[in-house]
Structure formats: structure tokens, C-alpha cells
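K.L.:
when you get a sec, could you give me coordinates for this:
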Amino acid sequence: MGRCCKCNGRLLCMCLLPCMMTGHLLIYILVSVFVTISYSPPKITIHYIATGISANSSELASYPLGPFWNLRLEDSALWNQLQHAWDRQHNPILRGNITGIMRKPKVEILPEIENDCVSDCVSRKCSVPRMHDLNSLPEQMKAFISSMHCREYPLLINQPGMCRRNNSSFGLDSPMLIMAIKTQVGNFENRQAIRETWGRSGLVKGESNKKGGLVRTVFLLGRQDSSTGPHPDLKNLLELENQKYSDILQWDFRDTFFNLTLKDLLFWNWLQQYCPTAVFVFKGDDDVFVRTDALLDYLHKRWEEHNLWRVRTNETDNDLDLFVGDVNQ
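P.N.:
A predicted model of the protein is given here:
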């Protein structure tokens, strides 16, 4: 008799358990629905500038009626001052739209930046936006600020025929690989080591000895800056080096740490003008070592994979977009 009661209790529990779980689930659903219905998101004031009918005039785009940009300097940070000065020259909201679509807001010009001027990249007559603490900055920083807006510099030494077919003794139309190496005027030993080893210009075989390619090496330089080292004037020696090797690209800007990005920018412009048919470009420094033969093997592999993909997908108009390097986070 006791065993039957025990068995009936277990059976009752097993029958009630699904009902209890279903009941809990139903309660959870009802509570969730109630919370969702009763919730109202907070009102957020949206500030924007967009074309459309303005409350002020049907011919003008919408614009803020109150202050939108803080026109006063919050502190004496150098880049804050420069940003405010550049905003007044380039920000379309502060300057107004030249097409007349957007109304030019009234702005209050601060006395210390009222007559801002930036240096002429050619004559260098004017220096920087007027700042009270400019003279307290290091010399390299002052030099950078005075020319940081300049994007074009004349070439002092050029190689316009480097990628022409009549300049190649191998009968190839264009280089498979351009090696663009950043260097400075005084680093002759580094350049010479590169010329004699991994950066040798000419027809280079791959590591597998199956395929290679025409490699051209150019060295990217700025104008010698006496503040970067105790070197004497090496202009004449650089000209002799270029006469012998014809691989120097030099622009008329100070070769300092802050101007390193100029070499990238100016080299891409040079590549587009004088060597647009180059297939691949390697960009590095004169203190690295590159396995050029292994690099050529890798590039050929990527190129063949891309050609196979174009045949399979019939995407004959798509060129290979390849960027390889370290990601700095």
C-alpha cells in the first residue's frame, strides 16, 4: 500500500511539472508584453543641418537658430587653436555655401585669429595663424606647423623615364614591382647596401626560380635638413650618386620626421604621372631587409588566383586590389 502511494506521488509530480513550466512561460510572456507596451523612449533633441524648407525662409536650407559651433577657444592647446583657425577657412558651415543654398551664419571672429594667414608653399612669405605661444614650441614643430597645409612640392631630382619600355633592356612594358624606399641624404651606405642586395634593379627571379619579374627601386628623399644631424652639405655628392645610379627622387621640402607622410603622398603622385603601369608597389625604409624573391612568388600567386577568379565569375573589368602589411592598433 505504501509503495502505491509513493508511485502515485511521483506520477502526480511528473504530470504537474509541464503545467508549471508552461504557466511560468506564460507569465514571462505577459510581463514582457506589458513592459514593452508601457515603455516610452526618452525624447532626444536632434541638431542637424540639411537641405529643405527653413522656418526663416523658403529659399534657404535649414540651419540652427542658436550657437552650433563653439567659436571660443576652450584652452590653449596648440591643435585646438589650429583647428579653430582652419575651421574659419574651410568649414562650409562657418564660411557659408558659395552656391547660396545655405545661409552663412553670423560668426564672431576672435581678435587673436582675425588676420590669419598661412605660408605660401612656394615663397614661404607668411608663416602660421597668429598664436601667442608659437615661439615657445620646438623648432621642428614650428617648421611643421608653417608648412603642414602644403601638399605639392617641386621635384629637385626626377626619374621620368624609369618605367618607359625603351629604358628597359628586358623588353618588358612595365615593372612587375616598384620598390619605393624612404631614406635621407646622408644615408648613402644604406642605399648602397640595398642596391647590391635585395633592392637590386633589374630582372629578378622568384624564390622558386619559376617566375620572376622586372624590379625597379627608387629612393625617396626630401631636402637635407641641418637640424637632423651634423652632416655637411651633401648636395653635390647626392647629384653624383644619382648620375651613377639614376634611382633618386628628391622633393624640395625639409626631410624631417614630421614630413615623412609627404614622401608617401608625393610618391603616389609621381607614380601616377611617370609609372602608372607598374603592377605592384612595395614601400619601406632603408633600414629593413626584404626577401624580394619570396615577395615576387607571393605576388605572382595572388595575381594568378585573381585571374582565375575573373574567368570563373566573368568579372573581366575588375583589377586586383591588394594591400599587404602590418596593422598597427
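
K.L.:
where are the low-confidence patches of the stretch 101-250 of the chain?
P.N.:
Counting by pLDDT under 70, the ranges of the stretch 101-250 of the chain that qualify are 101-134, 165-173, 209, 227-231.

K.L.:
now do the strands in it.
P.N.:
For the stretch 101-250 of the chain, the strands defined by DSSP state E, counting those that start in this stretch occupy 155-157, 177-182, 202-205, 212-223, 248-254.

K.L.:
take these and lay them out in TSV including distance to Ile27 and mean neighbour count.
P.N.:
C-beta coordinates here come from the backbone N, C-alpha and C atoms, glycine included. Below are those laid out as TSV (distance: least, CB to CB, whole Å; neighbours: other CB atoms under 10 Å):
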stretch	distance to Ile27	mean neighbour count
strand 155-157	78	16
strand 177-182	69	22
strand 202-205	75	14
strand 212-223	72	22
strand 248-254	73	20
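
K.L.:
dump those to JSON lines, plus distance to Met21.
P.N.:
Compiled in JSON lines, the strands of the stretch 101-250 of the chain are given as follows (distance: least, CB to CB, whole Å):
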{"stretch": "strand 155-157", "distance to Met21": "80"}
{"stretch": "strand 177-182", "distance to Met21": "68"}
{"stretch": "strand 202-205", "distance to Met21": "72"}
{"stretch": "strand 212-223", "distance to Met21": "69"}
{"stretch": "strand 248-254", "distance to Met21": "75"}
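
K.L.:
out of the ones you listed, which comes closest to Val290?
P.N.:
Val290 lies closest, by CB to CB, to one member of these: strand 177-182, at 7.6 Å.

K.L.:
got the CA coordinates for the closest one in PDB?
P.N.:
Taking C-alpha atoms only, strand 177-182 is exported to PDB below (Å, rounded to 0.1, in the frame of the first residue of the first chain):
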ATOM      1  CA  LEU A 177      57.400  45.600 -58.800                       C
ATOM      2  CA  ILE A 178      58.400  49.100 -57.800                       C
ATOM      3  CA  MET A 179      60.400  49.300 -54.600                       C
ATOM      4  CA  ALA A 180      60.000  52.800 -53.000                       C
ATOM      5  CA  ILE A 181      62.400  53.200 -50.200                       C
ATOM      6  CA  LYS A 182      62.300  56.200 -47.800                       C
END
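
K.L.:
Asp233 is nearest to which of the strands of the stretch 101-250 of the chain?
P.N.:
Closest approach to Asp233 among the strands of the stretch 101-250 of the chain (CB to CB): strand 212-223, 11.1 Å.

K.L.:
which strand residues bridge the residue lying closest to Leu299 once chain neighbours are set aside?
P.N.:
For Leu299, ignoring the flanking residues on the chain, the nearest one in space by CB to CB, 6 or more residues apart in numbering is Phe280 at 5.3 Å. Note on Phe280: beta-bridge partners by DSSP bridges are Leu177.
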